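>>> Okay, structure incoming, though there's no sequence with it:
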Ligand code: PLP
């Protein structure tokens with residue numbers, strides 16, 4: 001094999017990797033959980049309310065899962081209510097208690113770094129007469145218990161404070177906060193979603209009244225959450241209908257999801273045993289990032305934060321560009337929380353710890369998981385190092401919806417089709433395109449115009465991306481790749497495809 005070809009194949013290797021570093025957004029369902037869910041879907045599919053054997057078996061599945069969740073958080077099974085997600089759990093407590101106390105008592109004390117499922121609900125409750133005060137946090141997101149205590153008055157019925165923050169990983173001293181609440185006769189709700197499976201949880205030991213959990217953050221399925229309500233704490237039904245969940249949350253139970261949640265909780269001990277390995281990987285990542293960017297600001301507490309979460313600001317590096325560079329190399333991280341990634345406003349958590357709008361837009365969150373390896377971290381560091389040093393070669397992505405007649409017939413564009421023969425037989429190519437062999441890209445380089453915008457296309461958008469990067473590395477300045485490929489364009493722009501596909505296609509001959 002020629003040296004030039006070897007060089008191109010080396011380039012190919014860069015695109016094979018997938019590194020998932022967004023475990024605070026969600027996790028992949030574990031094999032054990034999947035098996036349990038399959039068993040329920042296949043065999044134990046009865047309605048837990050039915051009296052015949054299949055129903056009784058389903059009720060047993062429910063009881064087992066409830067016990068498993070209770071064990072994982074040191075609670076009694078009678079204190080666990082299954083919900084559709086943690087957002088529902090947070091909504092249920094905040095609304096239910098506001099209805100219960102208002103107008104006798106009107107005030108909730110919370111923090112500015114809560115998840116949107118709390119912040120937005122509090123905003124809504126304010127429109128219904130509830131007063132909300134937010135206790136400030138320090139630069140690492142820690143609530144100061146004394147300050148919190150100073151905000152409690154005779155009108156206060158609830159403290160709402162998350163246990164672990166999803167964006168920066170700060171862990172609050174929730175037992176101290178529960179102690180303060182008890183002294184003042186106030187209830188406590190804690191969003192424990194990010195904590196379960198990462199740090200030990202002890203509902204009875206801490207003495208908090210309500211807590212929310214979500215299965216998909218600990219290798220369980222999406223669409224199932226839990227709500228802990230301490231025995232004797234006030235609570236009202238939040239979904240009316242049948243008698244399910246002790247009459248609190250009506251509706252036929254999502255049995256396979258609940259069984260999956262139980263199975264995930266059964267693994268909590270195993271997850272906790274891996275936490276220190278994850279923390280060591282995170283420390284290595286932090287050390288190397290400090291070498292890459294000594295002015296980088298780390299917002300996550302070191303030893304006493306979540307073992308897996310790192311929030312870091314790279315001065316003068318837009319997080320959107322860095323995310324795109326990482327994404328193009330198969331690495332998933334997030335900017336701020338996943339819930340706000342659709343929203344361009346800087347995250348309230350980053351603002352609350354004192355970041356400017358600009359710094360917030362230069363901040364990324366990396367969240368490691370059980371499957372993260374030292375190799376993943378090395379690879380991620382390499383991509384970040386290249387990007388921060390300005391060595392990332394950016395390839396523009398064109399969406400099928402954008403590929404209109406103006407681009408197709410632009411004199412300044414050169415369309416390069418790298419699909420293999422068999423795909424060309426099934427689908428005609430773009431008009432005015434130039435066909436060449438993907439596996440011998442280097443033999444066509446001298447034929448390609450350096451003064452034009454080269455649009456590389458393939459069947460689905462994967463090979464074209466690789467070839468586009470290769471061209472960038474060879475000094476071609478303006479290179480784009482068609483996301484979704486010719487197939488995506490045909491699906492999206494059927495009319496243009498019918499009208500123009502296959503017209504004026506040139507087959508390029510390799511240069512020896
Ligand atoms: N609370 C925190 C801290 C979270 O991180 C999330 C999810 O990102 C939620 C609540 C909402 O969980 P769910 O997706 O189950 O509604």
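On my side now, so go ahead. Bear in mind the structure is a predicted one, so any value in this text is a computation, not a measurement. Numbering: from 1, shown residues only.
>>> which helices and strands does the helix or strand residue 486 falls within pack with?
In this assignment (DSSP states H and E), residue 486 forms part of helix 485-492. When contacts are defined as 3 or more CB pairs under 8 Å, 6 or more residues apart in numbering; DSSP states H and E, helix 485-492 sits against strand 453-457, helix 494-500. For every residue, glycine as well, the C-beta is placed using N, CA and C.
>>> out of those, deepest packed?
strand 453-457 (a mean of 25; mean count of other CB atoms under 10 Å).
>>> quick revisit: compute the inter-axis angle for the helix holding residue 486 and strand 453-457.
Between helix 485-492 and strand 453-457, the angle comes out at 80 degrees (axes from the mean of the first three to the mean of the last three CA atoms, to 10 degrees).
>>> Distance of residue 199 relative to residue 143?
With the distance defined as CB to CB, to the nearest Å, residue 199 ends up 17 Å from residue 143.
>>> Which one's more surrounded, those two?
residue 143 (26 against 17; other CB atoms under 10 Å).
>>> What does that one show for phi and psi?
phi -80, psi 140 (degrees, to the nearest 10).
>>> what residues are up against it?
Residues in contact with residue 143 (CB atoms under 8 Å, 6 or more residues apart in numbering) are 111, 135, 137, 161, 172, 173, 177.
>>> Just to be sure, which of those residues are found in helices?
Within these, residues falling in helices by DSSP state H are residue 177.
>>> Including neighbour count and distance to the ligand, could the contacts of residue 143 go into JSON lines?
Shown next, in JSON lines, are the contacts of residue 143 (neighbours: other CB atoms under 10 Å; distance: CB to the nearest ligand atom, whole Å):
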{"residue": "111", "neighbour count": "25", "distance to the ligand": "12"}
{"residue": "135", "neighbour count": "21", "distance to the ligand": "17"}
{"residue": "137", "neighbour count": "22", "distance to the ligand": "15"}
{"residue": "161", "neighbour count": "26", "distance to the ligand": "11"}
{"residue": "172", "neighbour count": "22", "distance to the ligand": "12"}
{"residue": "173", "neighbour count": "16", "distance to the ligand": "17"}
{"residue": "177", "neighbour count": "24", "distance to the ligand": "16"}
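>>> going on from the longest helix along the chain, what's the next piece of helix or strand?
Taking DSSP H as the criterion, the chain has its longest helix at helix 268-292. Per DSSP H and E, the first helix or strand lying C-terminal to helix 268-292 is strand 297-298.
>>> from the chain's centre, how far out does the helix holding residue 486 sit?
28 Å (CA atoms, centre = their mean, to the nearest Å).
>>> Could you pull out the buried residues of that helix?
The neighbour-count check on helix 485-492 (16 or more other CB atoms under 10 Å) flags 485, 486, 487, 488, 489, 490 as buried.
>>> isn't the second one right up against residue 458?
Yes - between residue 486 and residue 458 there is a contact under CB atoms under 8 Å: 7.3 Å.
>>> quick one: common contacting residues for the two?
417, 419, 423.
>>> In contact with the first one: list those residues for me.
Spelled out, it's residue 417. So residue 417 contacts 424, 429, 430, 433, 434, 435, 436, 457, 458, 486, 505 (CB under 8 Å, 6+ apart).
>>> Pull out the buried members of the residues you listed.
For these, buried by 16+ other CB under 10 Å: 424, 429, 430, 433, 434, 435, 436, 457, 458, 486, 505.
>>> In terms of helices and strands, where is the second one?
It stands for residue 429. Counting by DSSP H and E, residue 429 is part of no helix or strand.
>>> Switch the shared contacts of residue 486 and residue 458 over to TSV; also include distance to residue 511, pLDDT and secondary structure.
Shown next, in TSV, are the shared contacts of residue 486 and residue 458 (distance: CB to CB, whole Å; pLDDT from 0 to 100; DSSP: H, G, I helix; E, B strand; the rest coil):
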residue	distance to residue 511	pLDDT	secondary structure
417	18	96	strand
419	20	94	coil
423	24	88	helix
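>>> just curious, which of those residues is nearest to residue 57?
residue 423 (49.7 Å; CB to CB).
>>> out of everything not next to it in sequence, what's closest to the closest one?
What sits nearest to residue 423 in space, not counting adjacent residues and going by CB to CB, 6 or more residues apart in numbering, is residue 459, at 4.6 Å.
>>> quick one, what contacts that neighbour?
419, 423, 427, 485, 486, 487.
>>> my read: the last one touches residue 428, true?
No - judged on CB under 8 Å, residue 487 makes no contact with residue 428 at a distance of 11.8 Å.
>>> Spell out which parts of this protein neighbour the ligand.
85-87, 115, 117, 162, 166, 191, 193-194, 214, 225, 338-339 (CB under 6 Å from any ligand atom).
>>> Dump the residues you listed to JSON lines, plus neighbour count and secondary structure.
What follows is the residues of the chain next to the ligand, written out as JSON lines (neighbours: other CB atoms under 10 Å; DSSP: H, G, I helix; E, B strand; the rest coil):
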{"residue": "85", "neighbour count": "20", "secondary structure": "coil"}
{"residue": "86", "neighbour count": "27", "secondary structure": "helix"}
{"residue": "87", "neighbour count": "21", "secondary structure": "helix"}
{"residue": "115", "neighbour count": "23", "secondary structure": "coil"}
{"residue": "117", "neighbour count": "21", "secondary structure": "helix"}
{"residue": "162", "neighbour count": "28", "secondary structure": "coil"}
{"residue": "166", "neighbour count": "28", "secondary structure": "coil"}
{"residue": "191", "neighbour count": "27", "secondary structure": "strand"}
{"residue": "193", "neighbour count": "28", "secondary structure": "coil"}
{"residue": "194", "neighbour count": "29", "secondary structure": "coil"}
{"residue": "214", "neighbour count": "27", "secondary structure": "strand"}
{"residue": "225", "neighbour count": "27", "secondary structure": "strand"}
{"residue": "338", "neighbour count": "16", "secondary structure": "helix"}
{"residue": "339", "neighbour count": "17", "secondary structure": "helix"}
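>>> ok, back up a step: now do the SS call for the residue nearest to residue 423.
coil (DSSP: H, G, I helix; E, B strand; the rest coil).
>>> So residue 260 versus residue 40, what's the distance?
8 Å.
>>> What score does residue 427 have for pLDDT?
With respect to pLDDT, residue 427 scores 88.
>>> give the contact list for it.
419, 459, 486, 487, 490, 501.
>>> where along the stretch 101-250 of the chain do the strands fall?
107-110, 131-134, 156-160, 187-191, 210-214, 225-229 (DSSP state E, counting those that start in this stretch).
>>> Residue 375: which of those strands is closest?
strand 210-214 (29.3 Å).
>>> That closest one to strand 187-191, inter-axis angle?
On the basis of the same axes, to 10 degrees, strand 210-214 is oriented at 10 degrees to strand 187-191.
>>> Mind listing the strands strand 210-214 pairs with, and their directions?
With DSSP bridges as the test, strand 210-214 is paired with strand 187-191 (parallel), strand 225-229 (antiparallel).
>>> could you dump those to CSV with mean pLDDT?
As requested, these are exported to CSV (pLDDT from 0 to 100):
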stretch, mean pLDDT
strand 187-191, 98
strand 225-229, 98
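>>> Grab the nearest non-local neighbour of the residue in the stretch 351-500 of the chain that the ligand sits nearest to.
Nearest to the ligand, among the residues of the stretch 351-500 of the chain, is residue 367, at 10.1 Å (CB to the nearest ligand atom). With CB to CB, 6+ apart as the criterion, residue 367 has its nearest non-adjacent residue at 3.9 Å, and that residue is residue 24.
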